[in-house]
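Trainee: Need a 3D model of the following:
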Amino acid sequence: MASYSLGIDIGGTFTDIVVYDHAAGRRFSRKELTTHDDPTRGVMAGIRRIVAEDGVAAGAIHRVVHATTLFTNALIERKGAVTGLITTAGFADTLEIGRERKFDLYDINIAKPEPLVPRHLRREVPERLRHDGQVATPLDLEALELAVTNLMAEGVESVAIVFLHSYANPVHEQQALARIETTASGLAVTASADVAPEVREYERASTAAVNAYIKPLARRYLDALAKQIADEGIPAAFQVMLSNGGLSGVEEGKRSPVQLLESGPAAGALAAAFLGAVDGGDNLLAFDMGGTTAKLSVIDDGQPLVAYGFEAARQRRFVEGSGLPIRISTIELIEIGAGGGSIARIDDIGLMKVGPESAGSHPGPASYGLGGSEPTVTDADFLLGYLNPGFFAGGDMTIDMSACRAAFEPLMRTTGLGLEATAWGLHDIVNENMASAARVHIAERGRDPRRYTLFATGGAGPVHAYYVARKLGIGRIVCPAAAGVASALGLLLAPARADRMAALATPLDKVDWPALERAYLAIEDEARKVIAATGLRPESARVERRADMRFVGQAFEIVVPLPPGPYDAGARGGFLDAFERTYVEKFTRTPPVVPVEIVNIRSSVIAEVPGTGLGRTATAEGNGKALKGTRAVYFPEFGETRPTPVYDRYALRPGERYEGPAVIEEAESTLVVGPGGRFQVSAHNNIIVTLPGASS
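Mentor: Below you'll find the predicted structure:
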């Protein structure tokens, strides 16, 4: 009997749908333009097409996993709910004050990120906890009710509760949450200790405010999509992808949607680790370029790197400190404002710039014929011959090349360049933007890009991978089948995961080891309840323990992987060794004889989802008629367009080898191989590209 899994990934330009047939090892996929006014329309259109055109029985779909940029976009575009803040008396300006450090020291007109909660929607109430969690002033519940009433009169739909030192004792936030849910049941509420129970008031307040800001949107959207999927006759449980690379139930997604902000890129990194390992080794740079952004993540020893905080909605894309700090666990990556829809312009001193402004899906690039009139990366790729107007998105879209050329006329007049030179300039600039950001990201982690294989996915990733790899000095590229929907496929590879943490703040030499073990067991019990809510057996899950540790006197800590428990006094040496090893890996040396302290404890409970195995080998060989023909393609090595072989991705057979230049087409994406490059099809149906000068 057929059994299917369904992955849904909503991007800024395209919505990707993948169905995997576990019995036959086949994949079916569709790309739909993202319908920003109602994202569920694009999702359901793709699902219906697969059901109608590929013979997939809706009733046989037993898993549905979803990732989306909807909440990230709402945050960036400031289209979330009207949000209020209730905080300790005297602390209403925490969001505004932030950190003393300026992200640009010499900019006298610097503009810090505007708080999501404006000053007039912040209310203070009498209450106070000491730093150790002891109650200094009880919570004034009457003042709380008055604050809520006033905020609702101002049109507030969601509220964040952020009380001082609630990480040490959440009692007042719990009391406030219970009272608000009783007296104002229609109001969405977020308690900071439920989403980021750790030290540093600004970061905790920022995370809680972000969660509150997108919570009503998450509730409406996830409920609507779950209903429409069920109405389509799909009986599967609906799961969501988290930023940490794990799955959770939809209720957890609605409770804490801040955990979903980087869900799509996380799925792409998982796909790269799984599909790339067999041909690219355990050290990969996962390069995922779509219609709106490009993402790069580092995969070492077969696992994506994980971070425990990031910044969203940065005022300046590459500048730390210019965004909203969010304290959640997430697969570590860098996002670059360089996608197929990125718009080119001439700046005040006559230089061409590309992005971060994007044409998105509507009106989209000029070539889409939907009203776009500005030159974009996708338009340049059409003009260079890299993309096929008759086979874009599998031929489902009608491409307007006249509008595409017209969009470049202002650039040509300003630069004095011809059409091909202008298009190549745009293409090369966006490649350099991506390579420059990648160099910094990799160097900050003490890595050398030349040690890695570039794993290219996304609708535009394989188009740009060859020349990005050249700029980084990388000798090999791996591109999987259906690269354009790899993130959606990655959703089907993810385990269920729940991360929990608690503040501790104690010197290592003064740890109460039985109490520490109880604290770990308590947060693991919370995490197991989330795993159970997804329908899995929590007792089968594995546990990974970590601690935020530092030398006494340091301002910030590092996250240290720990040996498994249970812990007793004999565990001190293992903790110290783990900390020093992690510290040396990051900073190369430790200071002389300084005591160590634990700041926070963390546990990840991870459960594999039964029936998620995906085949790595080719399910069917090509027919040996891979050459579709030739077309004029521009390569900078030639300085002009030349007839270039175009290959049908679906007709390529494992073991076949070809010389570049070449273009390899499939419905979801296009792979470009430059002059001097070589490519072959592996037994696992990946295309392996070897660049000039690299070993085979």
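
Trainee: domain assignment for this structure?
Mentor: In terms of domains, the chain is parsed into 4-75+220-260, 78-212, 496-606 (source: automatic domain parsing).

Trainee: Out of the ones you listed, the one nearest Asp400 is which?
Mentor: Closest of the domains of the chain to Asp400 is domain 4-75+220-260, at 14.7 Å (criterion: C-beta to C-beta). (Glycine included, C-beta is placed from N, CA and C.)

Trainee: follow-up on the earlier one: most tightly surrounded among the domains of the chain?
Mentor: Greatest average neighbour count among these goes to domain 4-75+220-260 (a mean of 21), per mean count of other C-beta atoms under 10 Å.

Trainee: First-to-last residue distance for that one?
Mentor: 24 Å (C-alpha to C-alpha, to the nearest Å).

Trainee: and what of stretch 338-357?
Mentor: 9 Å.

Trainee: average pLDDT for that stretch?
Mentor: Mean pLDDT, stretch 338-357: 84.

Trainee: Give me the residues contacting that stretch.
Mentor: The set of residues external to stretch 338-357 that reach it, using C-beta atoms under 8 Å, 6 or more residues apart in numbering, is 12-13, 289-294, 317, 336-337, 358-361, 364-365, 374-378, 380-381, 411, 414-415, 425-426, 429-430, 433-434, 459-460.

Trainee: same thing but at 7 Å, please
Mentor: Stretch 338-357 is contacted from outside by 13, 289-294, 317, 337, 358-360, 364-365, 374-378, 411, 414-415, 425-426, 429-430, 433-434, 459-460, using C-beta atoms under 7 Å, 6 or more residues apart in numbering.

Trainee: Please apply the same query to stretch 458-470.
Mentor: With contact meaning C-beta under 7 Å, 6+ apart, stretch 458-470 is reached by 14, 287-291, 339-340, 377, 381, 386, 431, 434-435, 454, 456, 477, 479, 483-484, 668-674, 677, 689, 691.

Trainee: Could you pull up the mean pLDDT of it?
Mentor: Across stretch 458-470, pLDDT averages out at 93.

Trainee: where does the stretch 301-450 of the chain dip in pLDDT?
Mentor: By pLDDT under 70, the low-scoring segments of the stretch 301-450 of the chain are 315-318.

Trainee: before we move on, the earlier item: with mean pLDDT and distance to Leu305 added, can I get the domains of the chain in a markdown table?
Mentor: Shown next, in a markdown table, are the domains of the chain (pLDDT from 0 to 100; distance: least, C-beta to C-beta, whole Å):
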| stretch | mean pLDDT | distance to Leu305 |
| --- | --- | --- |
| domain 4-75+220-260 | 90 | 10 |
| domain 78-212 | 93 | 20 |
| domain 496-606 | 93 | 11 |
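
Trainee: quick one: which of these is nearest Gly394?
Mentor: Gly394 sits nearest to domain 4-75+220-260 of all the domains of the chain, at 7.6 Å, using C-beta to C-beta.

Trainee: Of the contacts of stretch 338-357, keep whichever come out buried.
Mentor: Among the contacts of stretch 338-357, those classed as buried by 16 or more other C-beta atoms under 10 Å are 13, 289-294, 317, 337, 358-360, 364-365, 374-378, 411, 415, 425-426, 429-430, 433-434, 459-460.

Trainee: Restricted to helices, list these.
Mentor: Within the buried ones among the contacts of stretch 338-357, residues falling in helices by DSSP state H are 377-378, 411, 415, 425-426, 429-430, 433-434.

Trainee: Could you export these as TSV, including distance to Val646?
Mentor: Shown next, in TSV, are those (distance: C-beta to C-beta, whole Å):
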residue	distance to Val646
Val377	20
Thr378	18
Leu411	27
Thr415	29
Gly425	24
Leu426	22
Ile429	26
Val430	23
Asn433	28
Met434	25
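
Trainee: before we move on, back to that, taking the contacts of stretch 458-470 one by one, which sit in helices?
Mentor: Going by DSSP H, the helices hold 377, 381, 431, 434-435 from the contacts of stretch 458-470.

Trainee: where does Thr590 sit relative to Gly574, distance-wise?
Mentor: 17 Å (C-beta to C-beta, to the nearest Å).

Trainee: again but with Asn244, I slipped
Mentor: From Asn244 to Gly574 the distance is 25 Å (C-beta to C-beta).

Trainee: Now Val210: which helix or strand?
Mentor: Using DSSP states H and E, the element containing Val210 is helix 201-231.

Trainee: actually Ala503, sorry about that
Mentor: Under the criterion of DSSP H and E, Ala503 resides in strand 496-507.

Trainee: still on that earlier bit, the domains of the chain into a markdown table, with extra columns for distance to Gly323?
Mentor: Listed next are the domains of the chain as a markdown table, based on distance: least, C-beta to C-beta, whole Å:
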| stretch | distance to Gly323 |
| --- | --- |
| domain 4-75+220-260 | 10 |
| domain 78-212 | 6 |
| domain 496-606 | 18 |
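
Trainee: Nearest to Ile664, out of those?
Mentor: Among the domains of the chain, domain 4-75+220-260 sits nearest to Ile664 (C-beta to C-beta), with 16.8 Å.

Trainee: what ranges do the strands span in the stretch 351-500 of the chain?
Mentor: 352-358, 453-457, 476-479, 496-507 (DSSP state E, counting those that start in this stretch).

Trainee: From Pro126, how far out is the residue of the chain positioned farthest from its centre?
Mentor: Largest separation from the mean C-alpha position in the chain: Glu142, at 41.7 Å (C-alpha atoms, centre = their mean). In this view, Glu142 and Pro126 are 10 Å apart by C-beta to C-beta.

Trainee: Over to Ala188?
Mentor: 24 Å.

Trainee: go on, Thr183?
Mentor: Going from Thr183 to Pro126 by C-beta to C-beta gives 18 Å.

Trainee: which stretches of the stretch 151-300 of the chain form strands?
Mentor: Here the stretch 151-300 of the chain has its strands, by DSSP E, counting those that start in this stretch, at 158-162, 188-191, 237-241, 247-249, 284-289, 294-300.

Trainee: Same list, the ones you listed, but as TSV with distance to Pro563 please.
Mentor: Listed next are the strands of the stretch 151-300 of the chain as TSV, based on distance: least, C-beta to C-beta, whole Å:
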stretch	distance to Pro563
strand 158-162	35
strand 188-191	32
strand 237-241	29
strand 247-249	27
strand 284-289	28
strand 294-300	20
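
Trainee: Of all those, which one comes closest to Pro645?
Mentor: Each of the strands of the stretch 151-300 of the chain was scored for nearness to Pro645 using C-beta to C-beta, and the closest is strand 284-289 (23.5 Å).

Trainee: Give me the residues contacting that closest one.
Mentor: 265, 268-269, 272, 276, 294-299, 339, 449, 452-458, 460-461, 464-465, 468, 487.

Trainee: And stretch 177-186, by the same measure?
Mentor: Under C-beta under 7 Å, 6+ apart, the answer for stretch 177-186 is 141, 144-145, 148, 152, 161, 187, 189, 191.

Trainee: Quick check: the farthest pair among the residues you listed?
Mentor: So, the contacts of stretch 177-186 by C-beta to C-beta: farthest apart are Met152 and Ala191, at 17.8 Å.

Trainee: And the closest residue to Ala494 other than its chain neighbours, how far from Lys510?
Mentor: Computed as C-beta to C-beta, 6 or more residues apart in numbering, the closest residue to Ala494 that is not its neighbour in sequence is Leu247, at 5.0 Å. From Leu247 over to Lys510 the distance is 38 Å, taken as C-beta to C-beta.
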